[in-house]
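Colleague: build me a model from this:
(one chain, ligands or ions: 2)
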Amino acid sequence: MKTVIIATKNKGKAKEFESLFHPKGYQVLTLLDLDPSIDVEETGTTFEENAILKAEAIANEFGRFVVADDSGLIVDALDGRPGIYSARYAGEEKNDAANTAKVLEELEGIPDAQRTARFYCALALASPNQQTITVSGSVDGIIAKVPSGENGFGYDPVFYVQEKGKMMAEMDSGEKNAISHRAKALKALEEKLDQFIEGEE
Ligand SMILES: O=c1[nH]c(=O)c2ncn([C@@H]3O[C@H](COP(=O)(O)OP(=O)(O)OP(=O)(O)O)[C@@H](O)[C@H]3O)c2[nH]1
Ligand SMILES: [Mg+2]
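Modeller: Numbers count the residues shown, from 1 in each chain. Ligands and ions are numbered 1, 2, ... in the order given. Purely as a prediction, here's the structure:
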């Protein structure tokens, strides 16, 4: 089986990349499998910049092609926050429940019509031998007032997807992978991925 390295230490992302890449015939390895001590600082000012930083650093470290994901939640009533700070919104220790609680607190008293938001995912594909490629995907939603659902990760329990009539965390992995920002970005990467891998051989 072919192998793809995803430059992430996020278990939720790792699980989603596994179910997205398996049908394409790829085994997924993440930094959790390879070397959890590696830490790439996310000093960029956009999702794309951070995805490129992670992908290029890990591609150079392992000497082969790598995919990185930088993603987050954009809330209109919060001027786009938490945005690129989604993972560390309530502190550097990256606590999903605390991050979600902070967003809910900041939206207190805001009516449903003004709780519009989107998840955004930038993927970067990098290699020591080729020009880095980036793609992106997004999905619209509304920030619920009360969390619901056990699936997914991050802000999924408060992200209501109108077209599905449920919270992202109430979807099984197949349902989330049919509509998510990450799945859409990966679809955009798909054709380019084959060509890029040919360029490696
Ligand atoms: O409810 C969610 N469903 C999703 O599908 C999703 N995708 C991203 N996010 C949020 O955005 C942060 C990414 O930040 P991020 O790209 O820096 O990743 P991270 O720091 O967690 O891991 P790494 O890939 O950098 O190692 C995550 O932690 C989450 O808070 C999501 N929340
Ligand atoms: Mg990160």
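
Colleague: so which elements touch the strand ranked longest in the chain?
Modeller: Of all the elements of type strand in the chain, the one with the most residues (DSSP state E) is strand 130-143. When contacts are defined as 3 or more C-beta pairs under 8 Å, 6 or more residues apart in numbering; DSSP states H and E, strand 130-143 packs onto helix 47-62, strand 116-127, strand 159-161, helix 181-200. For every residue, glycine as well, the C-beta is placed using N, CA and C.

Colleague: mean pLDDT lowest for which of the ones you listed?
Modeller: Within these, the least confident segment by mean pLDDT turns out to be helix 181-200, at a mean of 92.

Colleague: need the residues that contact it.
Modeller: Helix 181-200 is contacted by residues 2, 13, 16-17, 20, 24, 64-65, 67, 69, 71, 118-123, 125, 127, 129-130, 133, 135-139, 176-177 when judged by C-beta atoms under 8 Å, 6 or more residues apart in numbering.

Colleague: ok, of those residues, which come out buried?
Modeller: In the contacts of helix 181-200, burial by neighbour count holds for 13, 16-17, 20, 64-65, 67, 69, 71, 118-123, 125, 127, 133, 135-139, 176-177, counting by 16 or more other C-beta atoms under 10 Å.

Colleague: enumerate the residues of the chain near ligand 1.
Modeller: 8-10, 13, 42, 69-73, 86-87, 99, 119, 152-156, 159, 180, 182 (C-beta under 6 Å from any ligand atom).

Colleague: quick check: PyMOL command selecting the buried ones in those.
Modeller: Typed into PyMOL, the next command selects the buried ones out of the residues of the chain next to ligand 1 (criterion: 16+ other C-beta under 10 Å):
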select buried, resi 8+9+10+13+42+69+70+71+72+73+86+87+99+119+152+154+155+156+159+180+182
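
Colleague: so which of the residues of the chain next to ligand 1 belong to helices?
Modeller: 13, 99, 182 (DSSP state H).

Colleague: please name the nearest non-neighbouring residue to the closest residue to ligand 1 within the chain.
Modeller: Taking C-beta to the nearest ligand atom as the measure, the point where the chain comes nearest ligand 1 is G154, at 2.4 Å. Of all residues beyond its chain neighbours, the one nearest G154 is D96 (5.2 Å), with distances taken as C-beta to C-beta, 6 or more residues apart in numbering.

Colleague: now K54
Modeller: A68 (3.6 Å).

Colleague: correct me if wrong: that neighbour contacts T132.
Modeller: No. At 9.6 Å, A68 and T132 do not qualify as touching, with contact defined as C-beta atoms under 8 Å.

Colleague: find the centremost residue of this protein, please.
Modeller: Centroid-nearest residue in the chain, with C-alpha atoms, centre = their mean: S71, separated by 4.0 Å.

Colleague: one step back: would you format the ones in helices among the residues of the chain next to ligand 1 as a markdown table with distance to M168 included?
Modeller: Output for those, formatted as a markdown table (distance: C-beta to C-beta, whole Å):
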| residue | distance to M168 |
| --- | --- |
| K13 | 14 |
| N99 | 14 |
| R182 | 11 |
